[in-house]
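Visitor: Give me the fold of what follows.
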Amino acid sequence: MTTRLVLLILAMALAPPMARAVDLTIPGSAAMTREIAEEAGSYRLPVGPYSDGLVYSFRVEGAIVQQAWRIEAQGMTTLQILSPMRQQLLDAGFDILFECTAQTCGGFDFRFNTRVMAAPDMFVDLLDFRFLSARRNGQDNGADYVTLLISRANESGYVQIIQAGGEQIEVADRPVAPDVVPDAALMTDQSLIQKLLGQGHVILSDLDFETGSAALGAGPYASLRALADFLNADAGRRVALVGHTDTVGGLDPNIALSRERAASVLARLAEDHQVPRAQMDAEGAGYLAPIASNRTDDGREANRRVEVVLLRGE
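Guide: Below you'll find the model as predicted:
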């Protein structure tokens, strides 16, 4: 081991822990699932709902600490989890900048346009979450900022805390672009999950397969992330993944290919997004349910798809 490496290890070991704006007590039996600390980072801190393609945000720069916690909720609602944490912030001198529920935040669009840790460290039920952002004056004309994101999945509660603060805080009082932009095909008048609930089925339009192959592309796919969050939030929700093809070739091989493509999507949800296989079925319809004419290239491409059909859920 070189002298330089020894000095680096000693410096890291002796460095003081990154300061938090406030130490929050999380209700229930909570365990941290992940922490990310940046000595000098930036965070687009939401201070308004999703609207006109953006979440209204401030850019905060300085020390950033992001934590995810899992709670044995024992029947606690998201409001019961949030309320005592909100009071702790108020008692510590924070002012509430913005607070919303899933619907008033903007649902799918809000969740996918702000910073959220990935599953399994943090789960967000797109139909049941709460968000809060708060600010407190700091030292040397700086400020401390805290955001809370609360949700539930089955019998567990999930809390994300992001704290930002220090002397190098800069705030831009204007809307800014989101940290993460979902695939444009999903940013329609209704979100993917809203369409699934309203229509009972929805096309996963951002998936790609090689011609004649059942192998799903590398991704990542925003539609699968949204569907996984929806399914992981409630073990009682079940869907069928249904593959479809164009009319090139015979019926039996097309049914087999369409079923294999649906099975590839199911496997990706199970392996990369930890969705229990018991909540999903994979079926194939071949060319029996076209949504466009098979006489044109564009029509055949539209017919080659995988849809989600809601079997049980809200």
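
Visitor: Could you pull up the contacting residues of Thr25?
Guide: Taking C-beta atoms under 8 Å, 6 or more residues apart in numbering, we find Thr25 in contact with 84-85, 88. All C-beta spots, glycine's among them, are computed from the backbone N, C-alpha and C.

Visitor: tell me, which strand in the protein spans the most residues?
Guide: The longest strand of the chain (DSSP state E) is strand 29-51.

Visitor: In its sheet, which strands sit next to it, and in what direction?
Guide: Using DSSP bridges, the strands paired with strand 29-51 in its sheet are strand 54-72 (antiparallel).

Visitor: count of residues packed around Gly53?
Guide: By other C-beta atoms under 10 Å, 12 other residues sit near Gly53.

Visitor: I figured Gln160 hits Leu148, correct?
Guide: Yes. If you go by C-beta atoms under 8 Å, Gln160 and Leu148 touch, sitting 7.2 Å apart.

Visitor: and the next element down the chain from the lengthiest helix in the chain?
Guide: When the chain is parsed with DSSP state H, its longest helix is helix 251-273. As assigned by DSSP states H and E, the chain's next helix or strand after helix 251-273 is strand 280-284.

Visitor: Output the contacting helices and strands for that next one.
Guide: Other helices and strands packing on strand 280-284, by 3 or more C-beta pairs under 8 Å, 6 or more residues apart in numbering; DSSP states H and E, are strand 238-244, helix 251-273.

Visitor: Buried deepest among those, which one?
Guide: Highest mean neighbour count of the helices and strands packed on strand 280-284: strand 238-244, a mean of 22 (counted as mean count of other C-beta atoms under 10 Å).

Visitor: For my notes, please list the helices and strands packed on strand 280-284 in JSON lines and give mean pLDDT and distance to Val308 for each entry.
Guide: Putting these into JSON lines (pLDDT from 0 to 100; distance: least, C-beta to C-beta, whole Å) gives the following:
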{"stretch": "strand 238-244", "mean pLDDT": "94", "distance to Val308": "5"}
{"stretch": "helix 251-273", "mean pLDDT": "92", "distance to Val308": "9"}
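
Visitor: got TSV for these, with distance to Phe110 too?
Guide: What follows is the helices and strands packed on strand 280-284, written out as TSV (distance: least, C-beta to C-beta, whole Å):
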stretch	distance to Phe110
strand 238-244	23
helix 251-273	20
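
Visitor: who wins for proximity to Arg59 among those?
Guide: Evaluated with C-beta to C-beta, these place helix 251-273 nearest to Arg59, the distance being 30.0 Å.

Visitor: what residues does the closest one touch?
Guide: Applying C-beta under 8 Å, 6+ apart, the set of residues contacting helix 251-273 is 119, 204, 207, 209, 212, 214-216, 219, 221, 224-225, 227-228, 231-232, 241-245, 247-248, 275-277, 280-288, 306.

Visitor: Buried subset of these, written for ChimeraX?
Guide: Selecting only the buried entries of the contacts of helix 251-273 in ChimeraX, with 16 or more other C-beta atoms under 10 Å as the criterion:
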select :119,204,207,209,214,216,221,224,225,227,228,231,232,241,242,243,244,245,247,275,280,281,282,284,285,286,287,306
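
Visitor: and Thr78, what are its phi and psi?
Guide: phi -60, psi -30 (degrees, to the nearest 10).

Visitor: same check, this time on the one 5 residues further on
Guide: Backbone geometry at Ser83, expressed as degrees, to the nearest 10, gives phi -50, psi -50.

Visitor: what does the one 4 residues further on give?
Guide: When read as degrees, to the nearest 10, the backbone of Gln87 gives phi -60, psi -40.
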